[in-house]
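# Any chance you could fold what I've pasted below:
(one chain, ligands or ions: 2)
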Amino acid sequence: QESTLPPNFVYVQDVIPDVVLEMRYAGENNFLGMSVDGYKSPVAILSRPAAMALAKVQRELKEKGYCLKIFDAYRPQRAVNHFISWARKPEDTLKKAQFYPGLDKKDLFSLGYISTRSGHSRGSTIDLSIVDYNSGEEIDMGGAYDFFGERSHHNYTNITPAQKMNRSILKNAMMKYGFQPYSQEWWHYTYQPEPFPNTYFDFLVK
Ligand SMILES: C[C@@H](N)C(=O)N[C@H](C)C(=O)O
Ligand SMILES: [Zn+2]
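Ligands and ions are numbered 1, 2, ... in the order given. As a prediction, this is how the structure comes out:
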């Protein structure tokens, strides 16, 4: 499997066999409501250093009864371009109620919820949550993945203490192994130092 990838990229499942994948942009359960350009298979790809660090996160969380669940990892630039063309079609509001009820889709980039030059395309950024290791049930983060609004911000206060604690469990484990959080989205982390800080890759996810 690995031989089809550029040097220093790996399939996350090859490094973390028990990781849970729900690759949203390879299917229709996402803010566009359609599979996104460049995603040919529901697999997660990362730079090797990021994947190795993530394996340490998984090992630590597993001891606490949790398992990582990945929603997105490496994202081809053509997928980002698809996001941009989608945002330019104001008449298409198919998934507005679920993913961006309080916002105009044309503002999602300027408000920081989607990037035209995304860390995901540099290969060391990941969107993820945690689930119960045995049941696979998602841990309550006080907001859904890719909900674009203040509820997703790390400093949002109108969630329960348990939900805050759950966000902290993920954040503390990720930061311990070199992943930096993103203030606007509780699920989005970038491994530092990035092995490809200036390269926006466009190979297919397959
Ligand atoms: C679209 C969302 N999942 C995300 O990853 N947003 C950040 C800002 C990005 O596009 O890099
Ligand atoms: Zn992200």
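# any idea what the spatially most central residue of the chain is structurally, helix, strand or coil?
Compute the mean C-alpha point of the chain, and by Cα atoms, centre = their mean the closest residue is residue 127, 1.5 Å away. What DSSP: H, G, I helix; E, B strand; the rest coil gives for residue 127 is strand.
# ok, it to residue 172 distance?
18 Å (Cβ to Cβ, to the nearest Å). For every residue, glycine as well, the C-beta is placed using N, CA and C.
# same thing with residue 39?
In this view, residue 39 and residue 172 are 30 Å apart by Cβ to Cβ.
# now the closest residue to residue 170 other than its chain neighbours: how far from residue 114?
Nearest residue to residue 170 in three dimensions, chain neighbours excluded: residue 130, at 5.4 Å (Cβ to Cβ, 6 or more residues apart in numbering). The gap separating residue 130 from residue 114 is 23 Å, by Cβ to Cβ.
# and these two? which has more neighbours close in?
residue 130 (23 against 20; other Cβ atoms under 10 Å).
# Doesn't residue 180 lie inside a helix?
No: secondary structure of residue 180 (three-state DSSP): strand, not part of a helix.
# near ligand 1, which residues of the protein show up?
For the chain, the contact set with ligand 1 under Cβ under 6 Å from any ligand atom comprises 72, 113-115, 118-120, 127, 146, 185, 188.
# which of these lies closest to residue 194?
Residue 194 lies nearest to residue 119 out of those, by Cβ to Cβ, at 7.6 Å.
# Quick check: phi and psi on the closest one?
For residue 119, the backbone dihedrals are phi -60, psi -30 (criterion: degrees, to the nearest 10).
# shouldn't it be in contact with residue 125?
Yes: between residue 119 and residue 125 there is a contact at 3.5 Å, judged by Cβ atoms under 8 Å.
# list the residues that contact both of those two?
The overlap between the contact sets of residue 119 and residue 125 (Cβ atoms under 8 Å, 6 or more residues apart in numbering) consists of residue 190.
# Please say which of these two ends up with more neighbours.
Shown here are residue 119 and residue 125; by other Cβ under 10 Å, residue 125 has more neighbours (25 against 20).
# in terms of contact, does that one touch residue 190 like I think?
Yes: the pair residue 125 / residue 190 is scored as a contact, 4.5 Å apart, by Cβ under 8 Å.
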